[in-house]
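Novice: I need the structure of the sequence given here:
(2 chains, ligands or ions: 6)
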Protein chains: 2
Amino acid sequence: MNVFAVSGIPEVEPGDDIAALVEERVDLEPGDVLLVASTIVSKAEGRTATLDEFPTSPRAEEIAGRLSEISGEEKDPRFAQAVLEESTELVMEAPFLLTATRFGHIGVNAGIDRSNTGDADLLLLPKRPSESAARIRAGLSLDVPVVVTDTCGRPFRHGQRGVAIGWDGTPASRDWRGERDRDGHELEVTVESVVDELASAANLVSGEGDDGLPVVVVRDWEFGDHGGSDNLFRSVEGDFVRQALRGWEFARD
Amino acid sequence: MNVFAVSGIPEVEPGDDIAALVEERVDLEPGDVLLVASTIVSKAEGRTATLDEFPTSPRAEEIAGRLSEISGEEKDPRFAQAVLEESTELVMEAPFLLTATRFGHIGVNAGIDRSNTGDADLLLLPKRPSESAARIRAGLSLDVPVVVTDTCGRPFRHGQRGVAIGWDGTPASRDWRGERDRDGHELEVTVESVVDELASAANLVSGEGDDGLPVVVVRDWEFGDHGGSDNLFRSVEGDFVRQALRGWEFARD
Ligand SMILES: Nc1nc2c(ncn2[C@@H]2O[C@H](COP(=O)(O)OP(=O)(O)O)[C@@H](O)[C@H]2O)c(=O)[nH]1
Ligand SMILES: Nc1nc2c(ncn2[C@@H]2O[C@H](COP(=O)(O)OP(=O)(O)O)[C@@H](O)[C@H]2O)c(=O)[nH]1
Ligand SMILES: [Mn+2]
Ligand SMILES: [Mn+2]
Ligand SMILES: [Mn+2]
Ligand SMILES: [Mn+2]
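Specialist: Numbers count the residues shown, from 1 in each chain, chains lettered A, B, ... in the order given. Ligands and ions are numbered 1, 2, ... in the order given. Model prediction:
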């Protein structure tokens, strides 16, 4: 499996055609997977914003006030408002904002970025990243799967890693159910989220800084002869951690 | 970045020298990273077990009884006992057992496997996977970083993915703090867990089944000129999800 970044992608502007930007710089081959950082998908889709676009509600002021108090730093209620508007549920309100986005992804601050945003204050996630992936895929002259990625943190482990937030042309996961291990037993680890694993691999070469490498190609990797599943984001009914967080209150000690 | 599995590794037995098994089959190059599935590290370290080795405590019987009731399937209290003995804390007791292992990793059933276990009922995780990684590394004729991997699930997202549970010869994470984005702003996403991203990349070629590919080489990837951090497992004080789960009780509706 070969994982390489596409070099020479310019600063992406609203309306840019990502498929064209990519294919002008790399010859895709059958079987490739194309990974695109959400940051440039958002830029192309005009998902930049300024804080002034978010006049604050009392709820946003309450949240920002509490976060300011906890952190000892002034938090902008307009940013809290932006997060609220991007979210369908607040999973945690303090000591940071963890929310569910409209498309099901759970992330800190609804995945709104304040780095690599170009001239804007904020970069919102694409509205429907799997549709973004489908649009990019449809624009390619060679049909390969497209995965839109982001970087985010997680419970239990420090640090962030690349994840998929949208995908098209591939199932999200390999479903190993019904398959056998080396000893003939049926498998217990049943569903392998390959789009997340691909996004993590891509992040190793994209990085988080000023490298300017938002597009990665994975070549010579095979999904293989497995079942597929497109279920990536847990709903609250099946997510005990989310349920537990609903009943939990941050308390400083 | 090139990611490939080492072919021809036999069924691993207690006492096997993993470094030798690898170097007989692949010429490592400077800059490579070697990823080894915990399953063969455990086999080599004799971490197989039978259920009879775990005479049950009342606590294990209580846990297994509750899990049997919830699932409608008979759960073996000896298995619950094995999980208890591998763990320092029960993070969740129902509807499944989520625990912290002695070395800090949080996983379902303390990461005990019941597939790819060879002749044994159970395969326990290595006792101290970073020490296992160091031992494998010390046995290599060329000094490269070694990462011990496992597959596990996570909150918020369906499915499992490869993660690092031990590492040696590399920091766990790239620390981007103090570095700049494309627009000159200081970075917010500060710590990138590269050992987890490497483990995810490796899992794409190892799979979960009978492929027999427990060893993966990552070639032509660079950690780069970044700070490093070895902090991978959150402690309970810094883990709000773990705190929330402490106060939570599963209730069937
Ligand atoms: N060429 C180019 N690279 C960009 C642009 N925006 C971000 N990047 C690069 O894309 C990669 C990922 O950036 P990051 O901010 O982590 O994106 P995210 O993970 O999608 O939030 C880094 O290498 C950035 O330098 C852009 O407009 N053009
Ligand atoms: N050659 C060889 N492959 C093994 C052995 N045990 C497991 N595997 C393979 O190692 C890979 C990972 O196995 P898995 O059970 O998912 O390990 P885990 O992720 O560390 O729990 C799969 O390709 C298995 O077929 C072994 O003893 N010898
Ligand atoms: Mn982002
Ligand atoms: Mn990123
Ligand atoms: Mn395992
Ligand atoms: Mn596995």
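Novice: Surely residue A:204 touches residue B:200?
Specialist: No. Look at residue A:204 against residue B:200 with Cβ atoms under 8 Å: they stay out of range, at 9.1 Å. Backbone N, C-alpha and C define where each C-beta goes, glycine included.
Novice: Which one of the two is surrounded by more residues?
Specialist: residue B:200 (30 against 26; other Cβ atoms under 10 Å in any protein chain shown).
Novice: Quickly note the distance from that one to residue A:180.
Specialist: Remark: distance between residue B:200 and residue A:180 (Cβ to Cβ, to the nearest Å) = 23 Å.
Novice: Also residue A:21?
Specialist: Residue A:21 sits 44 Å away from residue A:180, taking Cβ to Cβ as the criterion.
Novice: got it, and residue A:77?
Specialist: Distance from residue A:77 to residue A:180, by Cβ to Cβ: 56 Å.
Novice: which one of those two has more residues nearby?
Specialist: The residue with more neighbours, out of residue A:77 and residue A:180, is residue A:77; 23 against 13, by other Cβ under 10 Å.
Novice: which non-adjacent residue is nearest that one?
Specialist: residue A:64 (3.8 Å; Cβ to Cβ, 6 or more residues apart in numbering or on different chains).
Novice: Hmm, residue A:84 and the one you found touching each other?
Specialist: No. Residue A:64 is beyond contact range of residue A:84, at 10.4 Å (criterion: Cβ under 8 Å).
Novice: Between the two, which is the more surrounded one?
Specialist: Neighbour tally, residue A:64 and residue A:84, criterion other Cβ under 10 Å: the higher count belongs to residue A:64, 21 against 18.
Novice: Show me where the stretch 1-150 of chain A has its helices.
Specialist: Using DSSP state H, counting those that start in this stretch, the helices of the stretch 1-150 of chain A run over A:18-23, A:38-44, A:58-71, A:77-86, A:129-139.
Novice: nearest to residue B:68, of these?
Specialist: With Cβ to Cβ as the measure, helix A:129-139 is the member of the helices of the stretch 1-150 of chain A nearest residue B:68 (38.9 Å).
Novice: Show me which residues of chain A are close to ligand 3?
Specialist: Applying Cβ under 5 Å from the ion, we find that chain A lies next to ligand 3 at A:113, A:150.
Novice: What residue in chain A comes nearest to ligand 6?
Specialist: Residue of chain A nearest ligand 6, by Cβ to the ion: residue A:189 (5.9 Å).
Novice: SS state for that residue?
Specialist: Assigned state for residue A:189: coil (three-state reduction, DSSP: H, G, I helix; E, B strand; the rest coil).
Novice: So it sits against residue B:207, correct?
Specialist: No. Using Cβ under 8 Å, residue A:189 is not in contact with residue B:207; the gap is 10.1 Å.
Novice: So which of those two has more stuff around it?
Specialist: The neighbour comparison of residue A:189 against residue B:207 (other Cβ under 10 Å) goes to residue A:189, with 21 against 18.
Novice: give me the element residue A:204 is part of.
Specialist: Using DSSP states H and E, residue A:204 sits in helix A:194-206.
Novice: Nearest residue to residue A:91 in space, please, no chain neighbours.
Specialist: Nearest non-adjacent residue to residue A:91, counting by Cβ to Cβ, 6+ apart: residue A:98, 4.5 Å away.
Novice: Next, the contact list for the one you found, please.
Specialist: Applying Cβ atoms under 8 Å, 6 or more residues apart in numbering or on different chains, we find residue A:98 in contact with A:90, A:91, A:92, A:106, A:107, A:108, A:245.
Novice: what do you get for residue A:20?
Specialist: By Cβ under 8 Å, 6+ apart, residue A:20 lies in contact with residue A:139.
Novice: Leaving out sequence neighbours, find the closest residue to whatever residue of the stretch 51-200 of chain A ends up closest to ligand 1.
Specialist: Residue of the stretch 51-200 of chain A nearest ligand 1, by Cβ to the nearest ligand atom: residue A:116 (3.4 Å). Distances taken as Cβ to Cβ, 6+ apart place residue B:181 nearest to residue A:116, at 4.6 Å, with adjacent residues excluded.
Novice: So the one you found is in contact with residue A:211, correct?
Specialist: No. Assessed by Cβ under 8 Å, residue B:181 is found out of contact with residue A:211, at 10.0 Å.
Novice: Of the two, give the one with the bigger neighbour count.
Specialist: More neighbours surround residue B:181 than the other of residue B:181 and residue A:211, with 20 against 13 (other Cβ under 10 Å).
Novice: what does stretch A:181-190 rub up against?
Specialist: Outside stretch A:181-190, the residues within contact range by Cβ under 8 Å, 6+ apart are A:175-180, B:11, B:113-119, B:151, B:160, B:208-210, B:212.
Novice: Make a PyMOL selection of the buried ones in these.
Specialist: One line in PyMOL is enough to select the buried members of the contacts of stretch A:181-190, burial here meaning 16 or more other Cβ atoms under 10 Å in any protein chain shown:
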select buried, (chain A and resi 175+176+179) or (chain B and resi 113+114+115+116+117+118+151+160+208+209+210)
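Novice: Narrow the contacts of stretch A:181-190 to those in strands?
Specialist: With strands taken from DSSP state E, the overlap with the contacts of stretch A:181-190 comprises A:175, B:151.
Novice: now the helices for the stretch 151-253 of chain A?
Specialist: Per DSSP H, counting those that start in this stretch, the stretch 151-253 of chain A carries helices over the ranges A:194-206, A:240-246.
Novice: Show the average pLDDT along the longest one.
Specialist: To tie it back to what came earlier, the one meant is helix A:194-206. Confidence over helix A:194-206 (mean pLDDT, whole number) is 98.
Novice: try stretch A:121-128
Specialist: Looking at stretch A:121-128 alone, the average pLDDT works out to 97.
Novice: Which residue does the stretch 151-253 of chain A have closest to ligand 4?
Specialist: Going by Cβ to the ion, ligand 4 is nearest to residue A:151 of the stretch 151-253 of chain A, at 3.2 Å.
Novice: How about that residue: what's its closest non-neighbour residue?
Specialist: Residue A:151's closest residue in space is residue A:160 (Cβ to Cβ, 6+ apart), at 4.9 Å.
Novice: Contacts only, for that neighbour.
Specialist: By Cβ under 8 Å, 6+ apart, the residues touching residue A:160 are A:151, A:152, A:153, A:154, A:208, B:189, B:191, B:192, B:193.
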